[in-house]
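[1] okay, structure incoming, though there's no sequence with it:
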């Protein structure tokens, strides 16, 4: 695979986006005990359940990466490879950054946590989408369903995220 100047721009933007997302997760979502949509919310739930049930603390980024990469194994041949590779880069970096970033709790105000956490993470995911990447997980599932059922992707994504 050859990389163009546009690919390099995308990779830089994806890395920045993953860093912003990890900051949003660690500084707002986790500190507010919130659950975002999609695989990030499911990952937070799994982390909390494992900690409560068996007393083992597994970082969010580890569970998030495992869940996303598992879906990659199923959709690899059904979705464009460059999109999948960029998405793997995004969720791998955001997982890594969420493990190594140590952000102090910014505020205790739940409204501010929810609003700013949503804005920051929405901005980060928007940057990823503009760079031909996604956060993986439910995006991959929705795109796969859309291709197979020939219906709009985002309707499935909204439904999956609402379910979570």
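    That came in fine, so what should we check first? Since this is a predicted model, take the numbers as computed values, not measurements. Numbers count the residues shown, from 1 in each chain.
[2] and stretch 19-37, how far from the chain's centre?
    On the basis of Cα atoms, centre = their mean, to the nearest Å, stretch 19-37 sits 11 Å off its chain's mean C-alpha point.
[3] and the spatially most central residue of the chain, what's its pLDDT?
    In the chain, the centroid-proximal residue (Cα atoms, centre = their mean) is residue 135; its distance is 3.9 Å. Listed pLDDT for residue 135 reads 89.
[4] residue 16 touches residue 130, doesn't it?
    No - Residue 16 lies out of contact with residue 130 (Cβ atoms under 8 Å); the separation is 11.5 Å. (Glycine included, C-beta is placed from N, CA and C.)
[5] quick one: which of the two has more around it?
    residue 16 (15 against 12; other Cβ atoms under 10 Å).
[6] so what's that one closest to, chain neighbours aside?
    residue 127 (6.9 Å; Cβ to Cβ, 6 or more residues apart in numbering).
[7] the one you found: neighbour count?
    18.
[8] before we move on, what about the one 10 residues further on?
    The burial count assigned to residue 137 is 28, neighbours taken as other Cβ under 10 Å.
[9] all helices for the protein, in order.
    5-24, 38-54, 60-75, 81-100, 110-130, 138-149, 153-163 (DSSP state H).
[10] got the ones you listed as a markdown table, with distance to residue 32 columns?
    Listed next are the helices of the chain as a markdown table, based on distance: least, Cβ to Cβ, whole Å:
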| stretch | distance to residue 32 |
| --- | --- |
| helix 5-24 | 11 |
| helix 38-54 | 11 |
| helix 60-75 | 14 |
| helix 81-100 | 15 |
| helix 110-130 | 4 |
| helix 138-149 | 21 |
| helix 153-163 | 18 |
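[11] could those helices go into TSV alongside mean pLDDT and distance to residue 31?
    Conversion of the helices of the chain to TSV gives the following (pLDDT from 0 to 100; distance: least, Cβ to Cβ, whole Å):
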stretch	mean pLDDT	distance to residue 31
helix 5-24	96	11
helix 38-54	94	12
helix 60-75	94	12
helix 81-100	96	13
helix 110-130	93	7
helix 138-149	83	24
helix 153-163	68	22
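[12] picking up where we left off before, look up how far residue 19 lies from the residue nearest to residue 16.
    10 Å (Cβ to Cβ, to the nearest Å).
[13] so the residue nearest to the centre of the chain touches residue 94, yeah?
    Yes - if you go by Cβ under 8 Å, residue 135 and residue 94 touch, sitting 7.5 Å apart.
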